[in-house]
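**Student:** Following is a predicted model, sequence given first.
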Amino acid sequence: MSKKLFFVLSIFLVASFVMSACGSATPTPATAATINVCMVTDSGGIGDKSFNDLTWSGVERGIADFGVSGNYLQSTQPTDFAPNLTACKDSGAQLIVCVGFMMADDCKKAATENPEIYYAGVDMGGFELANFRGVSAKMEESSYLAGYLAAGMSTTGKVGWYVGIMGPAVQIFGDGYYYGVQKYNEVHGTTVAVIGYDANNPGNATATGSWIDADKGRTVGQSQMDEGVDIILPVNGGVGSATAAVMQEKGLGYIFGVDQDWTQTYPQYSAQILASLLKKVDVHIYDAIERLTTNTWEGGDFVLTLDNGGTALAYNSAITIPDDLKTEIEGLQAQIISGEIVIPAPKPIQ
């Protein structure tokens, strides 16, 4: 080795050491060929036909378009989160994806302790860490439209709502739905009631207590239908499809799909699916991978809205919805985007 080359390498190594010792605001960028993405699911897991699958589809698109590699670790209970995040780190992942608001504390802890690794979270944010990108979704916006639609389509004057486990990320679905129904009542002089959720008392919301137990979806759906409910919005991942099955068996009732277009993920229940509330978290994950491969990473949160297409109400074309009702909903959407309609802030869950 020449003295000149040795001198250059020495300078480089000293500079690298100094930079490492001083620390950095963000981890060191890697080339696409060396980037490994490791995703940790929540308890719903891959195959939930909801936000775990949708998040993984964002990773798969990143693999296809940018040449990164990727894998996932399945969680079956909250105690799996921390060990799975550690396993992702130990595998040499440059980007770790945390799925579900119940993982927020574990994900924030991991990102804080490992500033050299990038993290992207789904249903979590506000960490203010340079190596973390979160996502929030104004699901109250599309849920408001769903509530208005449900009130306009109900023949019994009762619409239902339930959740898996209550928390801020899912509360906004209930708020939007509730206020959308109230708006319909105000416009049309009706008294459509929401069973299972009251925005003034969110802590008393109907919850199954599980993201995976389909039997609970059947039980809650049946119970609400017994109360006279004919349209239900289940914010419960794949568990909600069990309510669609009950409706199919009875030959009555409509359900809303959540996160993905259920006419595609649950085509067997197409006759029961009135519309779907899209929550395009895959866009956020794809964006995080693109930023990593193009050295444009910035810490912060990606916000999904009606305005940027991150959330939307997708009608089922197989169901006849009156044109005048669709026109009213289009008007409401424009008013939400413009700020003319402001959905009240969530009340504390007590």
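**Tutor:** All right, it came through fine.
**Student:** in this protein, which spans are strands?
**Tutor:** Secondary structure of the chain by DSSP state E: the strands cover 36-40, 69-73, 95-99, 118-122, 132-137, 158-163, 193-195, 231-235, 254-259, 273-279, 300-304, 311-315.
**Student:** closest one to residue 53 among those?
**Tutor:** Residue 53 lies closest to strand 254-259 among the strands of the chain, at 8.5 Å (C-beta to C-beta). Where you see a C-beta, it was placed from the backbone N, CA and C, and this is true even at glycine.
**Student:** So which other helices or strands are in contact with that closest one?
**Tutor:** helix 139-153, strand 231-235, helix 240-250, helix 262-265, strand 273-279 (3 or more C-beta pairs under 8 Å, 6 or more residues apart in numbering; DSSP states H and E).
**Student:** on that earlier part again, so which of the strands of the chain comes closest to residue 148?
**Tutor:** If we rank those by C-beta to C-beta, the stretch that ends up nearest is strand 311-315, at 9.3 Å.
**Student:** and the residue lying closest to residue 137 once chain neighbours are set aside, what does it touch?
**Tutor:** Closest residue to residue 137 apart from its sequence neighbours, by C-beta to C-beta, 6 or more residues apart in numbering: residue 304 at 3.9 Å. Residues in contact with residue 304 (C-beta atoms under 8 Å, 6 or more residues apart in numbering) are 135-139, 279-281, 283-284, 310-311.
**Student:** Just give the closest residue to residue 106, not the sequence neighbours.
**Tutor:** With C-beta to C-beta, 6+ apart as the criterion, residue 106 has its nearest non-adjacent residue at 4.3 Å, and that residue is residue 81.
**Student:** hmm, I was thinking of residue 310
**Tutor:** Nearest residue to residue 310, sequence neighbours excluded (C-beta to C-beta, 6+ apart): residue 304, at 2.6 Å.
**Student:** mind checking pLDDT for the one you found?
**Tutor:** You'll see residue 304 listed with a pLDDT of 94.
**Student:** and if you look at residue 31?
**Tutor:** Reported pLDDT for residue 31: 57.
**Student:** can you check residue 34 too?
**Tutor:** pLDDT for residue 34: 79.
**Student:** and if you look at residue 297?
**Tutor:** At residue 297, pLDDT is 96.
**Student:** The spatially closest residue to it that is not a sequence neighbour and residue 298, how far apart?
**Tutor:** Using C-beta to C-beta, 6+ apart and skipping the chain neighbours, the partner closest in space to residue 297 is residue 291 (4.5 Å). Relative to residue 298, residue 291 is positioned 7 Å away (C-beta to C-beta, to the nearest Å).
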